[in-house]
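Undergrad: Any chance you can model this:
(2 chains)
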Protein chains: 2
Amino acid sequence: MSRQPMILDGNKVAVVIKEQLKKRVEQLAKSSIVPCLATVLVGNDPASETYVRMKSNACNKLGIDSRRIYLDKQTTTEQLVLAIQQLNADPQVHGILLQHPVPSHIDERAAFEAISIEKDVDGVTTTGFAQLAFGFGRFPCCTPAAILAILDAYGLPIEGKHAVVIGRSPILGKPVSQMLLNRNATVTVCHSKTNALPTIVRLADIVVAAVGKPNFVQGDWIKPGAVILDAGYNPGNIGDVDFAACFNQASAITPVPAGVGPVTIATLLKHTVDAAFYANGLE
Amino acid sequence: MSRQPMILDGNKVAVVIKEQLKKRVEQLAKSSIVPCLATVLVGNDPASETYVRMKSNACNKLGIDSRRIYLDKQTTTEQLVLAIQQLNADPQVHGILLQHPVPSHIDERAAFEAISIEKDVDGVTTTGFAQLAFGFGRFPCCTPAAILAILDAYGLPIEGKHAVVIGRSPILGKPVSQMLLNRNATVTVCHSKTNALPTIVRLADIVVAAVGKPNFVQGDWIKPGAVILDAGYNPGNIGDVDFAACFNQASAITPVPAGVGPVTIATLLKHTVDAAFYANGLE
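TA: Numbers count the residues shown, from 1 in each chain, chains lettered A, B, ... in the order given. Predicted coordinates for the structure are as follows:
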């Protein structure tokens, strides 16, 4: 293809979401409600600390309260569950985010499940996942929701398209495949045991890379004109897609950084504000 | 292919499962426990009545109690939920099956959700689905579980194969695709909005037909040597696969009847017996 592909600018999409949010935060303020996101971080992984700080800053800029709960890396599953239950019980907290990964001695699934469905703004509970899969979920996982928001913002059709999702994690590959399916895409999920991965990716009108391996997706895997969404965020701000190699094949592509990432954060804020509305019986 | 395909005999697979179950039922009897499946039927659809009777007979033959709850077709969602809650509370009932479809005025999802997870032997609750999707479910939906049981009984590999599932219902297409994915198949889910369906089915090493349209899958859609599982059960005992047309293309195929159907019932019985073990703190 000689035509230049469209760069799907996540910052632009995020700005639009945040502008709408600003008005909704002001609306809540009239009822003296301040939406609040609680982020729980176990241990002191520097990358996780950075993410938590970024989310916190993003909250503050929009007038959303953020509460950061730092727990020692020795924290047990029971202690973590207890901390989450206290946040469940706190009427001032509207959304709860458990920063993952948690240290390996913790039962991450048990910790996720402790988050009440009303405050599960990142859609990590089994109930949240199933509601999403069955098409009636309130808060889908933020990264999958961000991927769909980008497609929608750029008017890229989903229905009838063949989407190939690379990765099957419970918070990314699995939910995004369900969301694309519910939007009437034909969806193929690939993973580490997939044979002839390039051949399968080459079928895709929409490629979602969610595998967590830097520059994994190669240019000759891409059908000319495909739309590429790169949900990878590997150390050094490197995506899962070899951007330079895939650029000329695609009709549209998200960069890393400034692609899916900022929309994920905006989605998290949106869910927190939505949760504040619901919790107060508004809308 | 000139070689004859293997007929995947569901009756044979079911017999093996039931023989194992017999021993487990006897084991329970030593503790004076009789496993019990409660089936709830709303309205008097003759086909549904037949299914309920078949399940009941299958229970009785194995020494499993069956309780049939017939509710008037005018039953409200609230009344149905109440009936289910009474079965939840009854310690003598180990499994609850709501025969579907229910009359259209009933909120089927609300009724399904009323079934407690411990007794959800057909995996119809959102929690049951999500646990299955995340790979730790106790009772996957019976038809999807039957499909995997047939593949396993005949030693047909799943890992690394490309499975194409036609259909995306919450109790069939969606759960079977998650189960195949968790067994390391590459999985494509197709449906009514899929473009070029024959081309996509032709990619499949394993075809799962779960679309509910008689003789829908055609012979020239099948890659030579593919394994075909027909979960369709349309009026007149007709599957979703045009058996005569697909037979010579496949390396293995389930007939209808006597394919997925009997294994589904055996799986339901197995889950009921398992539930009786769990409920009594055994195993």
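Undergrad: Report the separation between the residue nearest to A:A275 when sequence neighbours are not counted and chain B.
TA: Leaving aside its chain neighbours, A:A275 sits nearest to A:H94 (4.1 Å; criterion: CB to CB, 6 or more residues apart in numbering or on different chains). C-beta here means a position set from N, CA and C on the backbone, and glycine is covered the same way. Relative to chain B, A:H94 is positioned 22 Å away (CB to the nearest CB, to the nearest Å).
Undergrad: What is the neighbour count of A:H94?
TA: Applying other CB atoms under 10 Å in any protein chain shown, we find 29 residues neighbouring A:H94.
Undergrad: That one against A:A279, yeah?
TA: Yes: here A:H94 reaches A:A279: they are 5.5 Å apart, a contact under CB atoms under 8 Å.
Undergrad: Next up, phi/psi of A:I115, please.
TA: The phi and psi values for A:I115, taken as degrees, to the nearest 10, are phi -70, psi 130.
Undergrad: give the contact list for it.
TA: A:I84, A:N88, A:I96, A:L98, A:V124, A:T125 (CB atoms under 8 Å, 6 or more residues apart in numbering or on different chains).
Undergrad: so how far is A:K61 from the residue nearest to A:A275?
TA: The gap separating A:H94 from A:K61 is 17 Å, by CB to CB, to the nearest Å.
Undergrad: Inside helices: which ones of the contacts of A:I115?
TA: Judged by DSSP state H, the subset of these located in helices is A:I84, A:N88.
Undergrad: residue ranges of the strands in the stretch 151-283 of chain A, please?
TA: Along the stretch 151-283 of chain A, the segments classed as strands by DSSP state E, counting those that start in this stretch run A:162-166, A:186-190, A:206-209, A:227-230, A:252-253.
Undergrad: pLDDT wise, what is the closest residue in space to A:K213 that isn't next to it in sequence at?
TA: With sequence-adjacent residues excluded and distances taken as CB to CB, 6+ apart, A:K213 is closest to A:D240, at 6.0 Å. pLDDT for A:D240: 98.
Undergrad: same thing with A:A47?
TA: 87.
Undergrad: That one - nearest residue in space that isn't next to it in sequence?
TA: Excluding the flanking residues, the one nearest A:A47 by CB to CB, 6+ apart is A:P235, at 7.3 Å.
Undergrad: State the distance from that neighbour to A:T75.
TA: With distances taken as CB to CB, A:P235 is found 25 Å from A:T75.
Undergrad: now swap in A:T254 and tell me
TA: 35 Å.
Undergrad: Comparing those two, which shows the higher neighbour count?
TA: Using other CB under 10 Å as the criterion, A:T254 and A:T75 rank with A:T254 on top: 30 against 20.
Undergrad: coming back round to it: and the residue nearest to A:K213, how far is that from B:E113?
TA: Look at A:D240 and B:E113: by CB to CB, they are 36 Å apart.
Undergrad: Give me the more crowded residue out of these two.
TA: A:D240 (26 against 19).
Undergrad: from what I can see the more buried one touches A:V208, true?
TA: No: using CB under 8 Å, A:D240 is not in contact with A:V208, being 9.4 Å away.
Undergrad: sorry, back to before: pick out the most distant pair among the contacts of A:I115.
TA: A:N88 and A:V124 (13.7 Å; CB to CB).
Undergrad: The two - which one has more neighbours?
TA: Neighbours per residue (other CB under 10 Å) separate A:N88 from A:V124, with A:V124 holding more: 24 against 17.
Undergrad: Surely the more buried one touches A:F112?
TA: Yes: at 4.4 Å, A:V124 counts as touching A:F112 under the criterion of CB under 8 Å.
Undergrad: if I look at these two, which residues touch both of them?
TA: A:L98.
Undergrad: do you know how far A:A58 is from A:T39?
TA: When distance is defined by CB to CB, A:A58 is 11 Å away from A:T39.
Undergrad: Which one of those two is surrounded by more residues?
TA: Comparing A:A58 with A:T39 by other CB under 10 Å, the one with more neighbours is A:T39, at 24 against 19.
Undergrad: shouldn't the more buried one be in contact with A:I64?
TA: No: using CB under 8 Å, A:T39 is not in contact with A:I64, being 11.6 Å away.
Undergrad: and the gap between the residue nearest to A:Q178 when sequence neighbours are not counted and A:V121?
TA: Closest residue in space to A:Q178, ignoring its immediate chain neighbours: A:A133 at 4.2 Å, by CB to CB, 6+ apart. Note on A:A133: its distance to A:V121, by CB to CB, is 18 Å.
Undergrad: what residues does chain A put near chain B?
TA: Taking CB under 8 Å from any CB of the partner chain as the criterion, the neighbours of chain B within chain A are A:109, A:125-127, A:129-131, A:133-134, A:136, A:159-162, A:168, A:170, A:174, A:177-178, A:181, A:184, A:186-191, A:193-195, A:200, A:203.
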